[in-house]
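Enquirer: Sharing a model prediction with you, sequence too.
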Amino acid sequence: MIKLNQPIMKIALLKFACFSLIIISCTSNDIRPQPIVSVTQDETEGNAQDDTSDDTTDDSSALDYSLLFVGNSLTYFNDLPGLVGERASLEGIDIETTTVAYGNYGLEDHWNDGEIQTMIETFDYDFVIIQQGPSSQAYGRSSLIEYGGYIKEVCAANDTELAFFMVWPSLVYYHTFPGVIQNYTDAATLNEALLCPVGEHWRDVVDQTGDTSYYGPDGFHPSLEGSEIAAQIILQSLGIIQ
C-alpha cells in the first residue's frame, strides 16, 4: 500500500476545495440585470445606464402606469419620482418610474444627448414628465418651448403623453415667479401637452401665508415636504389620482 506524503495530500485537498468553490460561485450568480427605476444621484454624478434587454418573464403588464421623468436636480432631489410611486400606491395604484436627470441640465442638453429619444422609442411609457430650470428669462423660455416641442414629437409618435413639470425660482429670485409660471404654461399650451403646475401652487402658498417650508436649506432645492406636494400635484395633473 502506497502512503501519500501528508503535506502533498493537504495541498491537493486545498486545491480541490478552491476549485469547487469557484464552480459554485460561477453557477449561483447568474442574475439578469433589471431596468433601473427611480434613479437618484448627486449633482456632479452621471446618470446610471438603463438596461434595455428584453425580459419576456417580467410582470410589467401588471403595472397601472409607467412614467419617465426627464430633468435635473429639481427632479431627482428627494427622489421625486419615487415619491410619486409611493403616493400612488396609497390609492392602490401601481406605478413604475424611470428617471433621466443630471445636475444643471436643460431640455436642450437632454435632446443633444439622445438618451431620452431612445428610451421613449424603446419602452412603453404612459407619460413623460419634463422640466428644466425656472426658465423665466428669454433664452430659458425659448429652449423650454422649442426642445419641449421636439420631445413632444417623439412622444406623439410613440403614443405617449407629454407633461411639463412647472418648477419654481430660488428665493433670491422670487420676483421672477410670474415669468416661470407664464413660460411653463405657454410651453405646455403651444406643444399641446399636459401641465403640472407645481410652481404655481408654491407661489400661492408663499404669497398667501408667507410659509417657505417647501424650499430646502439652500433656498432653491425642495425640502422633503416640497417634493411630496410636487408628487401629489403631478399625479393629480396626469389624472392618475383625484
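Expert: Sure, I can see it.

Enquirer: what bridges to the residue most central in space within the chain?
Expert: Among the residues of the chain, the one closest to the centroid is residue 99, at 2.1 Å (C-alpha atoms, centre = their mean). Assessed by DSSP bridges, residue 99 has beta-bridge partners residue 69.

Enquirer: from now on call the first residue 39
Expert: OK, 39 is where the count begins now, so the last one is residue 137.

Enquirer: and the gap between it and residue 117?
Expert: From residue 137 across to residue 117, the span is 8 Å (C-beta to C-beta, to the nearest Å). For every residue, glycine as well, the C-beta is placed using N, CA and C.

Enquirer: one step back: which pLDDT value belongs to the residue nearest to the centre of the chain?
Expert: On pLDDT, residue 137 comes in at 98.

Enquirer: you'd agree it is up against residue 115?
Expert: No: the criterion here is C-beta atoms under 8 Å, and residue 137 misses it with residue 115 at 11.3 Å.

Enquirer: Is the closest residue to residue 252 other than its chain neighbours in a helix, a strand, or coil?
Expert: Leaving aside its sequence neighbours, residue 252 sits nearest to residue 264 (C-beta to C-beta, 6 or more residues apart in numbering; 3.5 Å). Following DSSP: H, G, I helix; E, B strand; the rest coil, residue 264 is assigned to helix.

Enquirer: quick one: contacts for residue 264?
Expert: Going by C-beta atoms under 8 Å, 6 or more residues apart in numbering, residue 264 touches 116, 240, 251, 252, 253, 254.

Enquirer: Any idea how many residues pack against the fourth one?
Expert: What it means is residue 252. 20 (other C-beta atoms under 10 Å).

Enquirer: Same check on the third one?
Expert: Using other C-beta under 10 Å, residue 251 is surrounded by 12 other residues.

Enquirer: And residue 239, by the same measure?
Expert: Counted with other C-beta under 10 Å, residue 239 comes out at 17.

Enquirer: Does it lie in a helix or a strand, and which?
Expert: Per DSSP states H and E: residue 239 is located in helix 236-247.

Enquirer: Quick one: mean pLDDT over that helix.
Expert: For helix 236-247, the mean pLDDT works out to 98.

Enquirer: Excluding its own residues, what touches it? List them.
Expert: Residues from elsewhere that reach helix 236-247 (C-beta under 8 Å, 6+ apart): 172, 203-206, 212, 215, 218-219, 222, 249-250, 252, 264, 267-268, 271-272.

Enquirer: PyMOL command for the buried members of those residues?
Expert: Restricted to buried positions by 16 or more other C-beta atoms under 10 Å, the PyMOL selection for the contacts of helix 236-247 reads:
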select buried, resi 172+203+204+205+206+212+215+218+219+222+252+264+267+268+271+272
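
Enquirer: Just the contacts of helix 236-247: which are in helices?
Expert: Counted as lying in helices by DSSP state H, out of those, are 215, 218, 219, 222, 264, 267, 268, 271, 272.

Enquirer: List the contacts of the third one.
Expert: The reference is to residue 219. Residue 219 neighbours (C-beta under 8 Å, 6+ apart): 204, 235, 237, 238, 241.

Enquirer: is it true that the second one touches residue 274?
Expert: No: look at residue 235 against residue 274 with C-beta under 8 Å: they stay out of range, at 9.8 Å.

Enquirer: Compare the two and say which is more crowded by neighbours.
Expert: Counting neighbours by other C-beta under 10 Å for residue 235 and for residue 274 shows that residue 235 has the greater number, 20 against 14.

Enquirer: Who are the contact partners of that one?
Expert: Contact analysis of residue 235 by C-beta under 8 Å, 6+ apart lists 204, 219, 222, 223, 271, 275.

Enquirer: 10 Å - rerun?
Expert: Contact analysis of residue 235 by C-beta atoms under 10 Å, 6 or more residues apart in numbering lists 202-204, 219, 222-223, 226, 241-242, 271-272, 274-275.

Enquirer: Fine by me, we can end here.
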